[in-house]
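> Below: sequence and its predicted model.
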Amino acid sequence: MAEIRTLHDAVAELVHDGDTVAMEGFTHLIPFAAAHEIIRQGITDLTLVRMTPDVIYDQLIGAGLVKKLVFSWGGNPGVGSLHRFRDAVENGWPRPLEIDEHSHAGMANRYVAGASGLPFAVLRGYRGSDIPERTDTVSTVTCPFTGEELAAVRAVNPDVTVIHAQQADHDGNVQLWGLTGVQKEAALAARRVLVTVEEIVDELTPRPTGVVLPGWAVTAVAPAPDGAHPSYAAGYSVRDNAFYQAWDPISRDRDAFRKWIEEHVHDRSQAR
């Protein structure tokens, strides 16, 4: 059964220097509150995994906590580039960043393999791409039934997966609904799982298309109302589009970025 923890204690217990950390959520339910707690605690030398790294990883990279990024697309959705990400890759600021790039299908299948306890997944993809030449996590296999050559991607098993959800009950059973991505697969692939939630409820009410993670699959649950901001949680909040637009000039300038992190993350009285 998952334990109910404060966000500070859950991050301190579950996320360690040098860990491989997946923080998933597709446009919706992105665990920003947990990422900010990682920044406050200065947990460093992280390998971050995410299908679509956006502002959440721009902030962690800019804070100097990330040594490697495993991903399939990166950008500020609807706005443009991730400038802290670009600065790290192009200029090594605030530290050099190693990248391991994949397709969306490849990343999704890596999570599925990890969740299934398999060493790799098989898919049709990467043909004509130079990605296999730049990573040791993509190879080929020959189908034993048809002789067809297929792409193979190594399973990913994060040390810890962090997701945000709408609700959990007192036993740590978690329910999320609305626009979901690979949260379930990323959680089941991980050694430890932290879920931040909008609220703890006495009983989970079944929802159409809802995803339920049973308490035995979750290590800790931490209440974090509005913990997905500036992304959103269906039924609880709306996407803060103005924030994503405002982030572009902030992230372009190193000093402006550092000032924002100090005021809105390290200063708990201002943090959302």
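Right, received. Where do you want to start? Residues are numbered from 1 along each chain as shown.
> C-terminal to the helix or strand containing residue 49, what's the next element?
Using DSSP states H and E, residue 49 sits within strand 46-50. Using DSSP H and E, the helix or strand that directly follows strand 46-50 along the chain is helix 55-62.
> chain center to that following helix: distance?
Remark: helix 55-62 is offset 11 Å from the chain centroid, using C-alpha atoms, centre = their mean, to the nearest Å.
> Next: stretch 249-257.
Per C-alpha atoms, centre = their mean, the centroid offset for stretch 249-257 relative to its chain is 22 Å.
> Which parts of this protein are strands?
Counting by DSSP state E, one finds strands in the chain at the ranges 3-4, 20-23, 46-50, 66-71, 98-101, 120-123, 138-142, 149-154, 160-169, 174-176, 192-201, 211-213, 220-223.
> Using PDB, list the CA coordinates for the strand holding residue 49.
Provided in PDB are the C-alpha atoms of strand 46-50 (Å, rounded to 0.1, in the frame of the first residue of the first chain):
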ATOM      1  CA  LEU A  46      19.900  13.200 -12.800                       C
ATOM      2  CA  THR A  47      19.100  11.400 -16.000                       C
ATOM      3  CA  LEU A  48      15.700  12.600 -17.000                       C
ATOM      4  CA  VAL A  49      13.300  10.600 -19.200                       C
ATOM      5  CA  ARG A  50      10.200  12.000 -20.900                       C
END
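> hmm, who's touching that strand?
17-24, 38, 56-57, 60-61, 65-71, 156, 158, 186 (C-beta atoms under 8 Å, 6 or more residues apart in numbering). Yep, even glycine has a C-beta here, placed from its N, CA and C like the rest.
> Give me the distance from it to the chain's centre.
Worked out by C-alpha atoms, centre = their mean, strand 46-50 lies 8 Å from the chain centre.
> List the strands paired with it, with their directions.
Here strand 46-50 is paired, per DSSP bridges, with strand 20-23 (parallel), strand 66-71 (parallel).
> ranking those by burial, who's on top?
Among the strands paired with strand 46-50, ranked by average contacts under mean count of other C-beta atoms under 10 Å, first place goes to strand 20-23 (a mean of 25).
> pLDDT (mean, whole number) over the strand holding residue 49?
Average pLDDT, strand 46-50: 98.
> what angle separates it from strand 160-169?
With axes from the mean of the first three to the mean of the last three C-alpha atoms, to 10 degrees defining the directions, strand 46-50 sits at 60 degrees from strand 160-169.
> which of the residues in strand 46-50 are buried?
46, 47, 48, 49, 50 (16 or more other C-beta atoms under 10 Å).
> With stretch 249-260 instead?
Under 16+ other C-beta under 10 Å, the buried positions of stretch 249-260 are 250, 251, 257, 260.
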